[in-house]
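Chemist: here's a sequence, model it:
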Amino acid sequence: MIRLSEKDKEKFWSKVDIKTPEECWNWLAGINADGYGNFYHIYKTYSASRISWMLTNGDIPEGLLCLHRCDNRACINPSHLYLGTHSRNNLDREHRNPGTSGRKSKLGAEGIREVQRLFNEGHKQKELAEQFGLSIGQIHRLCKGTSGNYTIEKGI
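Modeler: This next block holds a predicted model:
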């Protein structure tokens with residue numbers, strides 16, 4: 001369990017776009033290659049969603065993951081998080097989005113090209129995420145052509 005001072009907690013929450021309890025609270029700082037938020041503290045990297053859970057709900061028992069009800073990897077809204085196993089996460093994702101175990105982008109190849117075109121024209125990733133209904137992490141991977149969950153044609 002990570003222990004954070006009041007100053008560290010303020011620093012953590014300052015990196016969150018806090019909205020209503022029903023909306024996603026996107027992590028505004030470092031995002032890893034999979035689209036999840038990273039929080040750096042005393043030379044270590046922690047999952048922002050796990051820190052959010054621990055600050056609002058307490059310790060996470062060993063072997064459990066911090067899962068997202070909203071399927072938005074950048075979201076750290078405590079009301080969108082729950083604890084579970086890898087198996088539970090896969091079952092829940094399949095239940096919410098049937099046929100997504102090897103899912104392709106809901107944008108399709110044409111939508112991906114449009115995201116990349118707009119990005120190359122100077123549009124901000126946050127703007128594109130809102131426009132296309134994707135997380136900032138998903139948009140980042142689409143713009144860089146590095147997503148494992150999306151079909152991306154290199155050189156578009």
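
Chemist: residues contacting residue 123?
Modeler: Contact criterion C-beta atoms under 8 Å, 6 or more residues apart in numbering gives no residues in contact with residue 123. All C-beta spots, glycine's among them, are computed from the backbone N, C-alpha and C.

Chemist: what about it, which SS state?
Modeler: coil (DSSP: H, G, I helix; E, B strand; the rest coil).

Chemist: for it, give me phi and psi.
Modeler: Taking degrees, to the nearest 10, you get phi -70, psi 140 for the backbone angles of residue 123.

Chemist: what about it, distance to residue 110?
Modeler: For residue 123, the distance to residue 110 (C-beta to C-beta, to the nearest Å) stands at 17 Å.

Chemist: for residue 18, give me its contacts.
Modeler: By C-beta under 8 Å, 6+ apart, the neighbours of residue 18 are residue 25.

Chemist: give me the distance between it and residue 28.
Modeler: Residue 18 is 10 Å from residue 28, by C-beta to C-beta.

Chemist: could you point out which element follows the lengthiest helix in the chain?
Modeler: In the chain, with assignment by DSSP state H, the single longest helix is helix 108-120. Later in the chain than helix 108-120, the nearest helix or strand by DSSP states H and E is helix 125-132.

Chemist: what angle do the helix or strand that comes right after that next one and helix 125-132 make?
Modeler: Under the assignment DSSP H and E, the closest C-terminal helix or strand after helix 125-132 is helix 136-144. Angle, helix 136-144 to helix 125-132, by axes from the mean of the first three to the mean of the last three C-alpha atoms, to 10 degrees: 100 degrees.
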